[in-house]
Structure formats: structure tokens, C-alpha cells
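[1] need coordinates for the following:
(one chain, ligands or ions: 1)
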Amino acid sequence: MTCQNSECDFFLIEEGKDLIKNGRNSAGNQQYFCKHCRTYFTETKNTPLYNSRLGRQKVERICRLSQEKISIRGINRVTDHHPATIIRYLRLVGEHAKLLTSHFLQDLDSDRIEMDEFWSFVKKKNKHCEGPYDQSYGDRWTYTAIRSTTKLMIAHHSGKRTDETCNQFAYLCSLRLRIPESSARISIATDGNPQYLTALQKHFPKDSIDYGRVIKQHKKNRVVGIIREKVLGNPPLASISTSVVEGYNNKIRQRISRFARKTASFSKTIIGHIRAMDLFQFASNFIDVKGGMTPAMREGITDRVWKWQEFLTYHFQL
Ligand SMILES: [Zn+2]
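    Residues are numbered from 1 along each chain as shown. Sure, this is the predicted structure:
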């Protein structure tokens, strides 16, 4: 444990520094006293469980249910928590997940990355949007970047399907990836969407990108042919594929109720939409096990499978 008072010199810095245990509060949480800044705080400070009226296990249950394609109303029926309570906790844990993701996903390998975007909508479909108030609602495209070898979700970003959204997405990816150079190149595959080319050139050094595109030819909604083309650098033809990211985006629709097609559980607010992806990203990278390993373990970011408890009670240490 480190001091959780943001004004203290030892904020998040040194394990145990000037910190003494100070009994437990009525909720059973360990309390601490920092001798340096002379403040008291509980072990849940700076976690989603801080001042929480629900115990850790109940919050964990809400999180777990949300990852099994159960809507807010569905979680309400199973747990008897009020929908507003469930929404509040899902936002808190989503924010926590986002912080942890930014903390752990840094300086990643730039190898074998697939990018794609999928459609969903917030509040109402485009054809029902009228007037300036509705401009932020309607279609919402979620861009995702996955490493095909480890299945780590590197980044997600959502917005209208515009160059600007794709640019912001590429920028976010560039923050998390090691800056490529001519000897350690970045290799990326996408579908035929032309937004990626300009966005990638803007945020990565031009002479260190190996970029290939998969162009699908459709006939009556069926794929009748696939063309792989080299766009930048010299990616091996066999590596130009988007099947992993397409499968991954399909998994998101299978797991998170609001992304399922043709249901009434679609997102009602933008922030709920974004936080749901944040929580999914963390759970999928650190908690979901396949073959005894999580994507974060395969990447070498962590040495263990994370439990929900660890996620909910995690404190950063700088
Ligand atoms: Zn302190």
C-alpha cells in the first residue's frame, strides 16, 4: 500500500513509506494513517469500491454479469440492484479499467497488428436523429486494434465514421506502441477503408510502416473474392489478414449486450458506450483465460491471470 493522498510527497510512490495501519471501518475495510501528510484513508481509496454501499462481491457480480451479454435490466432482475446503481458502478469500474489499461499498455511491440471498425449506435438510429441536440447520437463506429498473435486489444476508440475519429484512434495506438524505426518496423493490416492510410502516415514514421490491406469483393452480400494488397513498405502477403480482428469484434457483440444487433439493449448514452468498451478491454486482456493464459500474459505484461478482486482493489504504484 502507498499513500493515496494526492497532495502527499509519497503519493503512490513508496510501498509502506510512513504508513501505519489504523483499524478497520464499519464496512470492514482496512484504514491507514500516513505519518508524512497526516491523513487517514481506507484501502478502497482511489478504487471503484471507495465509499461504496455495495460490498466488493456484489460489485464483482455486476461486472461479471455485464461481460456475459446481460443487459442492465437483466442484471437488475438477477441481483435486485436498481438499474441506476448498476449503471453507476459500471461507469466507475469502466473508468478504473481505462486507467489500468493506460498504465499497463505502454511501449508495446509494433508487430502484427490488425485494425477494423464495427457499427453500433447510441440512443437512436441515424434516420431518427433530428436537430442539433441529436448530433452526437445515432451511428457510432468503434475502431479496434488487436495483435493477431497474442489477441491483446491494444486500443479502442469510437465516434462517427470520419477521418477525424480514425486519426484519434491511430494517435491512441501510437501512444501505446513502441515508436517503430526502420529496423523494428510496425506491421499493420486493415480492410479497404481508406481512412487508415492517412491516419497511420500521420502518427507513425512513414519509412517504418509495413501496411497491407485486405479488399473483399462482394456480390449480393456475399464475399466472392479477397485481394491482398501491399500499401506501404513490404509486408509479407501471408500476414495481410484481418480475420483475427473481425473474430474479435464478433466476440464483443457476443459478450456485451449493448453491441448485440437488433436488440433493445443498445447504448442510451455515449459515456456508457465508451465505459463498456473500457471494461471489456481490460477483462479480455487480463482476466479472460484461454489455454491457461491471458493476452496480457502472452505479451509479458503480467505473470498471472488476474482475478476480478485484484482488478477492483488495485492501486497504482509509481
Ligand atoms: Zn501521505
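[2] what residues are up against the spatially most distant residue from the centre of the chain?
    Distance from the C-alpha centroid of the chain, by C-alpha atoms, centre = their mean, peaks at residue 35 (36.9 Å). Taking C-beta atoms under 8 Å, 6 or more residues apart in numbering, we find residue 35 in contact with 18-20. Just so you know, the C-beta spots here come from the backbone N, C-alpha and C atoms, and that holds for glycine as well.
[3] could you rerun that using 6 Å?
    residue 18 (C-beta atoms under 6 Å, 6 or more residues apart in numbering).
[4] and the closest residue to residue 228 other than its chain neighbours, how far is that from residue 226?
    If the residues on either side of it in the chain are set aside, residue 228 comes closest to residue 240, at 4.2 Å by C-beta to C-beta, 6 or more residues apart in numbering. Per C-beta to C-beta, to the nearest Å, residue 240 is found 10 Å from residue 226.
[5] relative to the ion, how far out is the residue farthest from the centre of the chain?
    8 Å (C-beta to the ion, to the nearest Å).
[6] now do residue 64
    34 Å.
[7] which SSE is that residue in?
    helix 56-66 (DSSP states H and E).
[8] strands of the stretch 101-250 of the chain, residue ranges please.
    Using DSSP state E, counting those that start in this stretch, the strands of the stretch 101-250 of the chain run over 113-122, 138-147, 153-159, 186-191, 209-219, 222-232.
[9] wait, which of the ones you listed is closest to the ion?
    strand 153-159 (33.7 Å; C-beta to the ion).
[10] what residues does that closest one touch?
    140, 142-146, 165, 168-169, 172-173, 176, 277, 281, 284-285.
[11] ditto for stretch 55-70
    Contacts of stretch 55-70 (C-beta under 6 Å, 6+ apart): 49, 75, 86, 89-90, 93, 255, 257, 283, 308.
[12] do that again at 8 Å, thanks
    27, 48-49, 52, 54, 74-75, 78-79, 81, 86, 89-90, 93, 254-257, 260, 276, 279-280, 283, 308-309, 312-313.
[13] same question, stretch 168-184
    105-110, 113, 115, 143, 145, 154-157, 159, 186, 196, 199-200, 202-205, 207-209.
[14] dump that stretch to CSV, keeping only the CA atoms.
    Taking Å, rounded to 0.1, in the frame of the first residue of the first chain, the C-alpha atoms of stretch 168-184 are listed here in CSV:
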residue,chain,number,x,y,z
GLN,A,168,-7.7,10.0,-32.9
PHE,A,169,-7.7,6.2,-32.9
ALA,A,170,-4.3,6.0,-34.6
TYR,A,171,-2.9,8.6,-32.2
LEU,A,172,-4.1,6.4,-29.2
CYS,A,173,-2.4,3.4,-30.8
SER,A,174,0.8,5.4,-31.3
LEU,A,175,0.9,6.3,-27.6
ARG,A,176,0.8,2.6,-26.6
LEU,A,177,3.2,1.2,-29.2
ARG,A,178,6.9,1.4,-29.2
ILE,A,179,8.0,4.0,-31.7
PRO,A,180,8.9,2.0,-34.8
GLU,A,181,12.1,2.5,-36.7
SER,A,182,13.4,1.2,-39.9
SER,A,183,14.9,-1.9,-38.2
ALA,A,184,11.9,-2.5,-35.8
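[15] what sits against the residue in the stretch 151-300 of the chain positioned nearest to the ion?
    Of all residues in the stretch 151-300 of the chain, the one sitting closest to the ion is residue 282 (27.7 Å; C-beta to the ion). By C-beta under 8 Å, 6+ apart, the contact set of residue 282 is 97-98, 100-101, 311.
[16] and the angle for the host helix or strand of it with strand 113-122?
    Using DSSP H and E, residue 282 sits in helix 270-282. Here the directions of helix 270-282 and strand 113-122 differ by 150 degrees (axes from the mean of the first three to the mean of the last three C-alpha atoms, to 10 degrees).
[17] helix 270-282: what's the following helix or strand?
    Assigned by DSSP H and E, the successor of helix 270-282 is helix 295-299.
[18] contacts for the next helix or strand after that following helix next, please.
    Downstream of helix 295-299, the next assigned helix or strand under DSSP H and E is helix 308-313. Outside helix 308-313, the residues within contact range by C-beta under 8 Å, 6+ apart are 43-44, 47-49, 56, 59-60, 63-64, 93, 96-97, 100, 282-283, 286-287.
[19] run the chain-centre distance for helix 308-313.
    16 Å (C-alpha atoms, centre = their mean, to the nearest Å).
[20] one more: stretch 8-19?
    Distance, centroid of stretch 8-19 to centroid of chain: 29 Å (C-alpha atoms, centre = their mean).
[21] that older thread, please pick the buried ones from the contacts of helix 308-313.
    Using 16 or more other C-beta atoms under 10 Å as the burial test, these include 43-44, 47-49, 56, 59-60, 63, 93, 96-97, 100, 282-283, 286-287 as buried.
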